[in-house]
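Participant: kindly generate the corresponding structure for this input.
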Amino acid sequence: MSAEKKTKQADPAPSENLEALRREVNGLNLELLDLFNRRATAVQGIGEIKKREGLTTYDPLRESQMLEQILKKNRGPFPDELITALFKEVFKASARHIDDLAREVSKTSRRYRKRDTVVRLDDLAIGGANPAVVMAGPCSVESFEQLDRVARQLKKRGVRVLRGGAFKPRTSPYSFQGLKEKGLEILQLVAAKHGLITVTEVLDPRDVGLVSDHADILQVGTRNMFNYELLKELGRCRKPLLIKRGFMATLEEFLQAAEYVYHRGNTRIILCERGIRTFERWTRNTLDISAVPILKSESHLPVVVDVSHSTGRKDIVSPVSRAALAAGADGLMVEVHHRPRVALSDSGQQLDLPCFGRLMNDLDPLLGGDRTRVRGGK
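Facilitator: Below you'll find the predicted structure:
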C-alpha cells in the first residue's frame with residue numbers, strides 16, 4: 001500500500017466541533033445577508049429624502065465619520081485596514097444601488113420606456129427605424145441672401161432640416177453675437193420659401209417664447225446644457241428640443257439634463273453628441289463615437305451627431321459622418337456656408353456647397369429613404 005493511500009485512510013472524519021463552527025458560520029452568513037438588506041433599505045430611504053430636499057447623494061464627510069465610529073468599536077481579529085476596506089465596499093455597493101434606482105425611474109431611460117421615441121414634424125420622423133436625418137446650414141444667419149442661397153442647395157440635396165444661429169454664445173465678447181430677432185425672422189422666411197424645417201439655439205429662458213414663434217426645433221447649446229433654469233422653461237414648451245452634450249459633461253450628466261425637460265412634460269427631445277474637450281489638439285473637440293451606441297442603449301431618445309463642432313475640420317467630415325451612422329446615429333448636423341472664408345463665425349469648419357455635395361454623395365448609400373420630399377414651398 002502506497003504512503004498516499006495510507007495518508008487518505010488516516011484522515012479522520014470531521015469533528016463535531018468543526019461541524020458546529022460551520023453551522024455557526026452558515027447562520028452568521030444569513031444574519032449578514034439580512035443586515036445588508038436592512039442597511040440598503042435604510043440607505044434607500046436616506047436617498048429619497050435627499051432627493052426631495054435637493055441634497056447631494058454622496059457625502060464624503062459622513063462616510064469618514066461612519067468609518068471612524070466603526071474602527072473605534074473594532075476588537076479584532078480583523079485589523080483596521082481590512083475593516084476599512086470591507087466597509088468601503090459596502091458603501092460603494094449602497095451608492096451603486098441608489099444610482100440603479102435613480103436610472104430605473106428616469107423617464108429618459110430604457111427602463112422607463114422600451115420603445116424608441118420618434119420625434120415627428122410634419123412628415124419628417126427622427127429616431128426609431130426611420131432613415132437618418134441631415135440637419136445642415138450655416139453656423140450663423142448673416143443675411144437673407146446668404147441663407148437663401150445655402151437653403152436652395154440643401155433642398156436640392158434632399159436635406160429636410162435647416163440649421164442657423166440667430167443668438168450666438170461666443171467665447172469672446174467681441175465676436176459676432178448673431179442677428180438675434182432679425183436672424184430668427186430671416187430663418188423663418190427662408191425656411192417657408194423652401195419648405196424646410198428649422199432648428200436654432202435659444203440662450204435665455206426669457207427668449208423661449210420668441211424663438212418658439214419662429215423655429216420648429218429649439219436647440220440647447222453645449223454651454224447651456226447645465227443651465228437648469230433654461231431646461232425647466234423648455235420643459236414647459238411643447239416644441240421639439242435638440243440638446244447638445246456639454247463639452248465637459250459625462251453621459252450621465254447629459255441624460256440628466258434631458259430629464260429636466262422630460263420631467264416637466266416636453267417629451268420631444270433629440271440628443272446631440274458634439275464632441276468633448278480632451279488634451280487632443282488635432283481636432284477642435286474629440287468626438288465620443290462610443291456615446292452613440294451607449295446613449296441608444298441607455299435611453300429611448302433619438303441621437304444625432306454634430307460632425308462639424310466635434311472635429312472642427314472639413315477634411316474628415318465624411319469619414320466621421322460615416323462612422324456616426326455606422327454607430328447607429330439617427331441623424332447628422334453639418335455646418336454649410338456658400339463662402340466659408342468670409343463667414344462671421346466658425347469659418348474654418350464650415351463646408352462650402354461643392355464640398356457638401358460630395359459629402360452627400362458619400363452618405364447617400366447610408367442615409368436611405370426618400371429625402372426628396374419637402375414640406376410646401378417653392
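
Participant: first-to-last residue distance for stretch 293-311?
Facilitator: End-to-end distance of stretch 293-311: 19 Å, with CA to CA, to the nearest Å as the criterion.

Participant: shouldn't Thr311 be in contact with Asp288?
Facilitator: No. Because the distance of 11.9 Å does not satisfy CB atoms under 8 Å, Thr311 is recorded as not touching Asp288. For the C-beta atoms, the positions are set from N, CA and C on the backbone; glycine is no exception.

Participant: okay, the two: which has more neighbours?
Facilitator: Set Thr311 next to Asp288 and count neighbours by other CB atoms under 10 Å: Thr311 wins out with 23 against 18.

Participant: in contact with that one, which residues?
Facilitator: With contact taken as CB atoms under 8 Å, 6 or more residues apart in numbering, Thr311 is in contact with Gly275, Thr283, Arg284, Asn285, Leu287, Val317, Val320, Gln349.

Participant: in the stretch 251-378 of the chain, where is pLDDT below threshold?
Facilitator: When residues are selected by pLDDT under 70, those of the stretch 251-378 of the chain lie in 369-378.

Participant: kindly state the pLDDT recorded for Ile49?
Facilitator: If you check Ile49, the pLDDT there is 85.

Participant: okay, now it: neighbour count?
Facilitator: Using other CB under 10 Å, Ile49 is surrounded by 10 other residues.

Participant: does it sit in a helix or strand, and which one?
Facilitator: With elements taken from DSSP states H and E, the one containing Ile49 is helix 16-53.

Participant: and the next helix or strand past that helix?
Facilitator: Heading towards the C-terminus - elements assigned by DSSP H and E - helix 16-53 is followed by helix 60-72.

Participant: then that next one to CSV, C-alphas only?
Facilitator: Taking Å, rounded to 0.1, in the frame of the first residue of the first chain, the C-alpha atoms of helix 60-72 are listed here in CSV:
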residue,chain,number,x,y,z
PRO,A,60,-17.7,62.0,2.0
LEU,A,61,-17.7,63.6,5.5
ARG,A,62,-20.5,61.3,6.6
GLU,A,63,-18.6,58.3,5.2
SER,A,64,-15.5,59.3,7.1
GLN,A,65,-17.4,59.7,10.3
MET,A,66,-19.0,56.3,10.0
LEU,A,67,-15.7,54.6,9.4
GLU,A,68,-14.2,56.4,12.4
GLN,A,69,-17.0,55.2,14.6
ILE,A,70,-16.7,51.6,13.3
LEU,A,71,-13.0,51.4,13.8
LYS,A,72,-13.3,52.6,17.5
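
Participant: any buried residues in that helix, and which?
Facilitator: Buried residues in helix 60-72, counting neighbours by 16 or more other CB atoms under 10 Å, are found at Leu67.

Participant: what angle do it and helix 16-53 make?
Facilitator: 160 degrees (axes from the mean of the first three to the mean of the last three CA atoms, to 10 degrees).

Participant: and the angle for the next helix or strand after helix 60-72 with helix 60-72?
Facilitator: Helices and strands here follow DSSP H and E; after helix 60-72, the next one along the chain is helix 80-105. Relative orientation of helix 80-105 with respect to helix 60-72: 140 degrees, computed using the same axes, to 10 degrees.
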